[in-house]
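Student: I need the structure of the sequence given here:
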Amino acid sequence: MSSLSVPPPKRLQKPLVVPDRHMFGPGPSNVPPRILQAGANPVIGHMHPEIFEIMSDIKSGIQYMFQTQNSMTLAVSGTGHTAMECAIFNTVEPGESVLTAVNGIWGERAAEMAERIGARVNTIVAPPGGFFTNEEIEQALSKHRPALFFLAHGESSTGVLHPLDGIGQLCHKYNCLLLVDSVASMGGTPLYMDQQEIDILYTGSQKVLNAPPGTAPISFNERACKKIFNRKTKPVSFFLDLSWLANYWGCDGKPSRVYHHTGPVSAFYSLRESLAVLVEEGLENSWERHDKVAEYFHTGLESMGLKLFVKDKRARLPTVTTIVAPRGYDWKEITTYIMKEHNLEISGGLGPSVGLVLRVGLMGCNSSKANVDMVLAALKDALKHCHKSKV
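Tutor: Okay, the predicted model is just below:
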């Protein structure tokens, strides 16, 4: 008789079945065969010299993608939230002032993370679909004198692409670091970390890069490192402590690397391959392709009588499009119908945009006119067959 009180689960005695879908929501995006294959390479030790070589490849790819020469450039083991916490936890000490720009869910999340570690958090708030002028940002910087200012470049919950020019200079005028979230925008629209004076920048692997979720590229400039490595207190997280991560990634100039955590080596393979794909296409070509496909998509939506949520054309995120939820329809019925009948994911709103929008993400290999046509046909079919109230 077995001494086990918990029997073997029957569900794990069946083979794994995962459907193949068109992932046209705000992320994750589809992973092409080449990147999937890279991730299937043999697992070797996370402290082996071959892994360090792959990490160096990743670092140089991130520097290219971010357009930075920062030596403190690496990929955090985790999703974009991990990079957000890495940036805030290392930069901010308890009692310091943090300012976050809230025009969607990511500013809200950054504010909560800073609050949890004892920062004095202030926010500037724009309605969903809106953004801030440099004058509004300077006014808030002058009033609150923060140590860190957070801004989402690509606000995927609302579809806004926030202008960046001049904001880094404003932050430095008030002795403040600029932290930019580019999870939804990186690789799909122009961004120049060094030229735009961004102190800390991060993104995720699962959007334009088309790698599986689980790694988050991040970079810190010398100004940010000076503050981080002159803290009075240790960062609240050991796992995300930059002094340890810098050593593991070979960013601290020390001759040997010390064990910190077991790096996700299979995820590193995938990330390295996704960066190689971006390098082969060329960053500017990727920006141009995403811009042209977005314009084609927006024209198609408007010709169907649908409205775009972001009114200002210049502030529309080319990677994630927000469509005003069609009047008289239940947005959940639309997304459910499209998934069932077309095997295609699009999403509703998130955070402050819930109930207001449908979100379509066309990122990396998914950004093509053929995929736009597929989405437009699915939307047309859904509007024809889903219930429309007469009220």
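Student: Every contact and neighbour count from this point should use C-alpha atoms.
Tutor: Noted.
Student: any idea how far the closest residue to residue 300 other than its chain neighbours is from residue 247?
Tutor: The spatially closest residue to residue 300, leaving aside those adjacent along the chain, is residue 376, at 7.1 Å (C-alpha to C-alpha, 6 or more residues apart in numbering). From residue 376 over to residue 247 the distance is 48 Å, taken as C-alpha to C-alpha, to the nearest Å.
Student: Settle it for me: which of those two has more neighbours?
Tutor: Comparing residue 376 with residue 247 by other C-alpha atoms under 10 Å, the one with more neighbours is residue 247, at 19 against 15.
Student: Which secondary structure state does the more buried one sit in?
Tutor: The local conformation at residue 247, judged by DSSP: H, G, I helix; E, B strand; the rest coil, is helix.
Student: In space, what's closest to it - neighbours in sequence excluded?
Tutor: residue 257 (5.6 Å).
Student: residues contacting that neighbour?
Tutor: Going by C-alpha atoms under 8 Å, 6 or more residues apart in numbering, residue 257 touches 247-250.
Student: What ranges does the stretch 251-391 of the chain have for its strands?
Tutor: For the stretch 251-391 of the chain, the strands identified by DSSP state E, counting those that start in this stretch occupy 320-324, 344-345, 347-348, 357-361, in order along the chain.
Student: where are the low-confidence patches of the stretch 101-250 of the chain?
Tutor: Scanning the stretch 101-250 of the chain for pLDDT under 70 picks out nothing.
Student: Now do the strands in it.
Tutor: Under DSSP E, counting those that start in this stretch, the stretch 101-250 of the chain gives strands at 120-125, 148-152, 154-155, 160-161, 177-181, 200-202, 215-220.
Student: Show me what the fourth one is packed against.
Tutor: To tie it back to what came earlier, the one meant is strand 160-161. strand 154-155 (3 or more C-alpha pairs under 8 Å, 6 or more residues apart in numbering; DSSP states H and E).
Student: List the buried residues for stretch 125-137?
Tutor: 125, 128-132, 137 (16 or more other C-alpha atoms under 10 Å).
Student: try stretch 240-259
Tutor: 240-252, 257.
Student: what distance separates it from the centre of its chain?
Tutor: 24 Å (C-alpha atoms, centre = their mean, to the nearest Å).
Student: Could you export that stretch as PDB, CA atoms only?
Tutor: Taking Å, rounded to 0.1, in the frame of the first residue of the first chain, the C-alpha atoms of stretch 240-259 are listed here in PDB:
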ATOM      1  CA  LEU A 240      17.200  42.200  -8.500                       C
ATOM      2  CA  ASP A 241      20.200  43.800  -6.800                       C
ATOM      3  CA  LEU A 242      22.100  45.400  -9.600                       C
ATOM      4  CA  SER A 243      25.500  44.900  -8.000                       C
ATOM      5  CA  TRP A 244      25.000  41.100  -8.200                       C
ATOM      6  CA  LEU A 245      23.300  41.200 -11.700                       C
ATOM      7  CA  ALA A 246      26.200  43.400 -13.000                       C
ATOM      8  CA  ASN A 247      28.700  40.800 -12.000                       C
ATOM      9  CA  TYR A 248      26.700  37.900 -13.500                       C
ATOM     10  CA  TRP A 249      26.400  39.800 -16.800                       C
ATOM     11  CA  GLY A 250      30.100  40.800 -16.800                       C
ATOM     12  CA  CYS A 251      29.200  44.500 -16.600                       C
ATOM     13  CA  ASP A 252      31.300  45.400 -13.500                       C
ATOM     14  CA  GLY A 253      34.800  44.900 -15.000                       C
ATOM     15  CA  LYS A 254      35.700  42.200 -12.400                       C
ATOM     16  CA  PRO A 255      37.800  39.300 -13.700                       C
ATOM     17  CA  SER A 256      35.500  36.600 -12.400                       C
ATOM     18  CA  ARG A 257      31.700  36.100 -12.100                       C
ATOM     19  CA  VAL A 258      30.100  34.900  -8.900                       C
ATOM     20  CA  TYR A 259      27.000  32.700  -8.700                       C
END
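Student: Enumerate every residue touching residue 292.
Tutor: Here residue 292 is in contact with no residue (C-alpha under 8 Å, 6+ apart).
Student: quick one: it and residue 268, what's the gap?
Tutor: From residue 292 over to residue 268 the distance is 31 Å, taken as C-alpha to C-alpha.
Student: circling back to that earlier point, any idea which of the strands of the stretch 101-250 of the chain gets closest to residue 385?
Tutor: Of all the strands of the stretch 101-250 of the chain, it is strand 160-161 that lies closest to residue 385, at 30.1 Å by C-alpha to C-alpha.
Student: as a whole number, average confidence for the top helix by length along the chain?
Tutor: Longest helix of the chain, by residue count under DSSP state H: helix 283-303. Mean pLDDT, helix 283-303: 98.
Student: residues of it that come out buried?
Tutor: Buried residues in helix 283-303, defined by neighbour count with 16+ other C-alpha under 10 Å: 283, 286-287, 289-291, 293-295, 297-298, 300-301.
Student: Restricting to C-alpha, output that helix in PDB.
Tutor: Only the C-alpha atoms of helix 283-303 are listed here, as PDB (Å, rounded to 0.1, in the frame of the first residue of the first chain):
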ATOM      1  CA  LEU A 283      16.400  48.500 -36.700                       C
ATOM      2  CA  GLU A 284      15.400  51.300 -39.000                       C
ATOM      3  CA  ASN A 285      13.700  48.800 -41.400                       C
ATOM      4  CA  SER A 286      11.800  47.400 -38.500                       C
ATOM      5  CA  TRP A 287      10.600  50.800 -37.400                       C
ATOM      6  CA  GLU A 288       9.500  51.600 -41.000                       C
ATOM      7  CA  ARG A 289       7.700  48.300 -41.500                       C
ATOM      8  CA  HIS A 290       5.700  48.600 -38.200                       C
ATOM      9  CA  ASP A 291       4.800  52.200 -39.100                       C
ATOM     10  CA  LYS A 292       3.500  51.300 -42.600                       C
ATOM     11  CA  VAL A 293       1.600  48.300 -41.400                       C
ATOM     12  CA  ALA A 294      -0.100  50.400 -38.700                       C
ATOM     13  CA  GLU A 295      -1.100  53.100 -41.200                       C
ATOM     14  CA  TYR A 296      -2.500  50.400 -43.500                       C
ATOM     15  CA  PHE A 297      -4.400  48.900 -40.500                       C
ATOM     16  CA  HIS A 298      -5.800  52.300 -39.300                       C
ATOM     17  CA  THR A 299      -7.000  53.100 -42.800                       C
ATOM     18  CA  GLY A 300      -8.800  49.800 -43.000                       C
ATOM     19  CA  LEU A 301     -10.500  50.200 -39.600                       C
ATOM     20  CA  GLU A 302     -11.700  53.700 -40.500                       C
ATOM     21  CA  SER A 303     -13.000  52.500 -43.900                       C
END
